[in-house]
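K.L.:
Turn this into a model:
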Amino acid sequence: MRGRTCRPGSCGSGDEGRVYALPDARLRPGVGAYRGFRLTGERPRERLVVPSGKVSLLIGFGHEIRVGPAGRHPGRTAVHTSLVSGLHTRARVLGHAGRLHGVEVTLAPWAAQRMFGTPLGELADTVTDPVDVLGRRVEDLREALAAAPDWRERFALLDRTLLRWSADARPAREPGARGAWDLLVRSSGTLPIREVAARTGWSMGHLETLFRREFGLTPKRVARILRLRRATWLLTTGSRPVDAAIACGFYDQSHLSREFTALTGVTPGRFLAARADTSVWLAG
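P.N.:
So this is what the prediction gives:
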């Protein structure tokens, strides 16, 4: 079953597959679409998680999720039932045994920083249990979500909870950080970092220190991720690699391929082939 958009008040139970809904307008644009999932197959599946410039909060209802590095060189695999992921610079592989039930919320880093109440520098390139970041309140949320009768109720509960967390959040320590972040996002990472600093009135050193503290990555690394995100979208919507390279500020198609492989662990061709493989559970 393919994912469907679910509007407030019209969501069914969704026995299997993926269900999407937009959050309350007051939470946007900091909170992205909610993604509910219930997979009941018998064979293991995997999801390649490409760096996206988003913070992910995945709340599972009991099944194990394996998390490991992508690419040809296997590394240590961690096991979670729920997880929170800060900004990351390399792709990861999330796998499960065939059954999985839960919900995922993506947040812009500035929104996550406020709601979580912790600098994202501590979460960069890490995957951890949400309780370690959000405390008991996320476990209370998980229990309530698991007990809810359908996706409509779960998404409504997420709205109420995130609105409360947002209202209780402390003011941003550096309000200008969001403006600098938005400059990079609007340009899909193609705006020169010196131009970002000039427009904010900060020195290059201060801009880098601010990004490391608030978001966990330098502006240059963030720009690389944003260019990759746009290139991935263009490639998966049918653009020719050479056209995607030019649109995203790469020198040529080879430059795009090298950067894509460096950040995801696979070539653009292998990535697109994986998306066509129904045994692979991919994001987006």
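K.L.:
The residue nearest to Thr126 when sequence neighbours are not counted: what's it in contact with?
P.N.:
In this structure, Thr126 finds its nearest non-sequential neighbour in Gly86, 5.8 Å apart by Cβ to Cβ, 6 or more residues apart in numbering. For glycine as for every other residue, the C-beta is placed from the backbone atoms N, C-alpha and C. Residues near Gly86 by Cβ atoms under 8 Å, 6 or more residues apart in numbering: 55, 112, 120, 122-126, 216.
K.L.:
In helices, which of these fall?
P.N.:
Ala112 (DSSP state H).
K.L.:
and the next element down the chain from the host helix or strand of Ala146?
P.N.:
Ala146 belongs to helix 136-147 when assigned by DSSP states H and E. The element immediately downstream of helix 136-147 (helix or strand, assigned by DSSP H and E) is helix 151-168.
K.L.:
quick one: the helix or strand that comes right after that next one to chain centroid distance?
P.N.:
Remark: after helix 151-168, the chain's next helix or strand is helix 176-186, criterion DSSP H and E. Here the centre of helix 176-186 is set off from its chain's centre by 17 Å, with Cα atoms, centre = their mean, to the nearest Å.
K.L.:
tell me which strands and helices helix 176-186 is in contact with?
P.N.:
helix 109-116, helix 193-200, helix 204-215, helix 219-236 (3 or more Cβ pairs under 8 Å, 6 or more residues apart in numbering; DSSP states H and E).
K.L.:
Could you report the neighbour count for the spatially closest residue to Ala124 that is not a sequence neighbour?
P.N.:
In this structure, Ala124 finds its nearest non-sequential neighbour in Gly216, 2.9 Å apart by Cβ to Cβ, 6+ apart. Number of residues near Gly216 (other Cβ atoms under 10 Å) recorded here: 24.
K.L.:
ditto for the one 4 residues further on
P.N.:
Other residues within reach of Lys220, judged by other Cβ under 10 Å, total 12.
K.L.:
which residues touch it?
P.N.:
By Cβ under 8 Å, 6+ apart, Lys220 lies in contact with Ile193.
K.L.:
Next, find the distance separating it from Asp159.
P.N.:
Applying Cβ to Cβ, to the nearest Å, the value for Lys220 to Asp159 is 36 Å.
K.L.:
In space, what's closest to Ser187 - neighbours in sequence excluded?
P.N.:
In space, and not counting its chain neighbours, Ser187 is closest to Leu226: 7.8 Å by Cβ to Cβ, 6+ apart.
K.L.:
State the distance from the one you found to Leu39.
P.N.:
Taking Cβ to Cβ, one finds Leu226 at 30 Å from Leu39.
K.L.:
Look at these two and report which has more neighbours.
P.N.:
Counted by other Cβ under 10 Å, Leu226 and Leu39 do not tie: Leu226 has more neighbours, with 23 against 18.
K.L.:
Surely the more buried one touches Gly53?
P.N.:
Yes: between Leu226 and Gly53 a contact is recorded at 5.5 Å, counting by Cβ atoms under 8 Å.
K.L.:
what residues are shared contacts of the two?
P.N.:
Common contacts of Leu226 and Gly53 (Cβ under 8 Å, 6+ apart): Val185.
K.L.:
Brilliant, that's me finished.
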